[in-house]
Every structure is written in structure tokens, then in C-alpha cells.
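Q: Attaching a predicted model along with its sequence, questions to come.
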Amino acid sequence: MRRSYAVWRAFWSDRRAAVAAVFLLVEIALVLFLPLFLGQDPNLTDRSAGFWAAPSAQHWLGTDDVGRDLFARLLYGGRTSLLVGFASAALGVVLGVPLGLLAGYKGGAWEYWIMRACDTFQSFPSIILVLAMVSLLGPSVWNIIWVIGGLGWASVARLVYSGTLSTKQTGYVEASRALGATDRAILFRTILPNVIAPVWAALPLKVVRAILSESSLSFLGVGVPVTEPSLGMLVKNGFDVLFSGYWWIAVLPGIYIMLIVFGINLLGDFLRDEFNPKLK
């Protein structure tokens with residue numbers, strides 16, 4: 001309890017982390033609730049406004065090549081990016097933590113096959129592997145989440161594996177075993193709380209990588225379906241008319257992605273310093 005209070009107090013005393021947290025909370029609230037109040041359908045064509053309409057009171061960022069409201073598509077695209085980022089990172093943790101614990105604690109065949117699987121997954125360039133898998137499965141938000149999360153478990157497993165190797169030799173683990181604790185209790189009640197800190201510190205970076213991967217896939221045209229808004233797709237559409245006077249169509253989604261990534265990275269810096277006092 002005291003540890004949690006100390007971390008919480010240190011967090012709000014760090015101005016960069018506090019500003020980043022407030023920004024992300026506002027961002028999440030906007031992408032979730034603002035479309036409900038605006039009443040703008042991101043896939044609805046406004047024929048009265050026309051195509052490539054300039055920003056106005058009715059359409060704050062104008063319209064795209066088929067008359068859809070760009071501000072509404074920007075908000076829905078942010079919702080897609082955040083969903084992919086957090087869900088993919090969570091899936092990677094759910095898969096990687098148990099496998100890392102088993103490899104480090106059990107050893108033997110468990111260690112060999114799980115670590116060789118990590119080597120295999122990490123030997124390929126991630127964006128090429130993700131691109132190939134998404135192309136095979138088809139464009140879908142949930143397919144992207146499954147692919148990015150399913151391929152991202154290896155780095156989490158290695159973090160937990162290295163921590164488990166050193167922790168299982170400590171005195172309190174031996175004491176738990178001597179008192180008759182089961183392997184499951186030792187793994188999840190004794191070892192896991194002592195090896196999970198690096199995972200929390202690395203989690204924001206995994207969220208950032210997932211967001212950038214989804215944006216890259218959508219920019220290449222193999223991400224989410226064309227009927228669903230995506231920040232990468234907005235940047236791609238803006239590039240097609242970047243030198244025709246419609247610069248904001250590509251620039252604003254790019255700045256939006258940059259701000260999201262910057263805010264999450266600031267949180268990651270705080271977690272890294274907090275869980276690794278030598279780096280402060």
C-alpha cells in the first residue's frame with residue numbers, strides 16, 4: 001500500500017508524466033464521447049458541402065474526396081489507433097508473461113522450446129511479418145490486434161524469463177517451496193510480483209509500436225478496411241493532395257499520431273525511471 005502511494009505521489013510530482021497522463025485521458029474521452037455530441041457520421045457524404053471542402057463551422061477540418069467530415073474521421077481514427085495499441089500490448093503481455101515464467105522456472109524442454117520460439121519470432125523484421133500476416137488474414141481491426149499482439153509476446157517472455165531465472169534461486173522462493181507451496185503458487189504469488197516491474201516499464205513502448213504498426217499498415221492500404229476511419233489512411237489520402245493546397249488533410253493526422261506517441265513515451269519514461277531507480 002505504501003509502495004503504491006509512493007508511486008502515485010511520484011507520478012503527480014513529475015510534471016512531464018502528469019501532463020502526458022492528462023493529455024491521454026482527455027484524448028480517450030474525446031474519441032469516445034465527442035462523436036456522440038457532434039452527431040457527425042465519419043462515413044456519411046455531405047453533398048451540400050462538396051468534395052475537398054475547406055474547414056468551416058459545419059465541418060471543422062473540411063471534407064475529403066467523397067465529402068466525408070474529416071474531423072469526425074480523425075476522432076474515429078484515433079479511437080481505432082488507441083484500441084489497436086492498448087489491446088495488442090495487453091495481448092502480448094497475456095501471452096508472454098506465462099510463457100516467460102514457465103521457461104525460467106521449469107527449465108529443460110520448456111525453456112528450450114519457448115526460447116527457440118522467441119528466437120524465431122524475433123528473427124524476422126516485425127513490420128514485414130505483420131504485413132504478411134495481415135495480408136493473409138485480411139484487413140480488419142481485430143485481425144491487426146491478433147497479429148500484432150500475437151507476434152509481440154516474445155519480447156515480454158524474454159523479460160520475464162530473465163527475471164525468473166535470477167528470482168527462483170532466492171531464499172524466499174526456497175522457503176516457499178520448503179513450506180509446501182505448489183509450483184503454481186510459487187510462480188504467481190512469489191516470483192511474478194518480483195519480475196513484473198520491467199514489463200510495466202516496457203508496456204508503453206509496446207503500445208506505441210502497435211499504434212505505429214497499425215498506422216503504417218493503413219498507410220500501405222492493408223490495415224483496416226477502407227470503410228473504417230484510420231489515422232494512417234487519413235495521412236495517405238492527404239499525401240495524394242498535399243501539393244494541391246489541402247495540406248491540413250495529411251499534416252493534422254500526422255501531428256495527431258505524433259502527440260499520442262509522445263504522450264505515451266513520456267509515461268514510459270516515468271515508469272522506466274520508477275521501476276529502475278539506477279536510471280533516475
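A: Arrived safely.
Q: Let me see the contact set for the residue lying closest to W110 once chain neighbours are set aside.
A: Leaving out its chain neighbours, the residue that sits closest to W110 by Cβ to Cβ, 6 or more residues apart in numbering is L102, at 5.1 Å. No exception for glycine: its C-beta is placed from N, CA and C like everyone else's. For L102, the contact set (Cβ atoms under 8 Å, 6 or more residues apart in numbering) comprises 110, 114, 187.
Q: And the helices in the stretch 101-250 of the chain, which stretches?
A: Secondary structure of the stretch 101-250 of the chain by DSSP state H, counting those that start in this stretch: the helices cover 108-122, 126-137, 141-151, 153-167, 171-178, 183-185, 192-195, 197-220, 231-240, 248-275.
Q: returning to what we had before: for A175, see how far away the residue nearest to W110 is.
A: 22 Å (Cβ to Cβ, to the nearest Å).
Q: Same check on N43?
A: According to Cβ to Cβ, N43 stands 61 Å off from A175.
Q: repeat for P42
A: 58 Å.
Q: More neighbours: which of these two?
A: Applying other Cβ atoms under 10 Å to P42 and A175 shows that P42 carries more neighbours, namely 20 against 11.
Q: three-state assignment of the more buried one?
A: coil (DSSP: H, G, I helix; E, B strand; the rest coil).
Q: Spit out the contact partners of it.
A: With Cβ under 8 Å, 6+ apart as the criterion, the residues that contact P42 are 35, 68-69, 72-73, 75-76, 229.
Q: what about it, distance to F71?
A: P42 sits 9 Å away from F71, taking Cβ to Cβ as the criterion.
Q: same thing with V160?
A: Per Cβ to Cβ, V160 is found 42 Å from F71.
Q: again with A202
A: Distance, A202 to F71, using Cβ to Cβ: 34 Å.
Q: So for the chain, the centremost residue is which one?
A: V207 (2.0 Å; Cα atoms, centre = their mean).
Q: And the pLDDT at that residue?
A: For V207, the model assigns a pLDDT of 91.
Q: isn't it right up against N265?
A: No: if you go by Cβ atoms under 8 Å, V207 and N265 don't touch, sitting 9.6 Å apart.
Q: If you count neighbours, what's buried in stretch 144-158?
A: Buried residues in stretch 144-158, counting neighbours by 16 or more other Cβ atoms under 10 Å, are found at 144-149, 151-158.
Q: quick one: which of those is nearest A57?
A: In terms of Cβ to Cβ, no member of the buried residues of stretch 144-158 lies closer to A57 than I144, at 35.2 Å.
Q: ok, and for the helix or strand A90 falls within, which residues are buried?
A: Applying DSSP states H and E as the criterion places A90 in helix 70-106. Neighbour-count burial for helix 70-106 flags 70-93, 95-105 (criterion: 16+ other Cβ under 10 Å).
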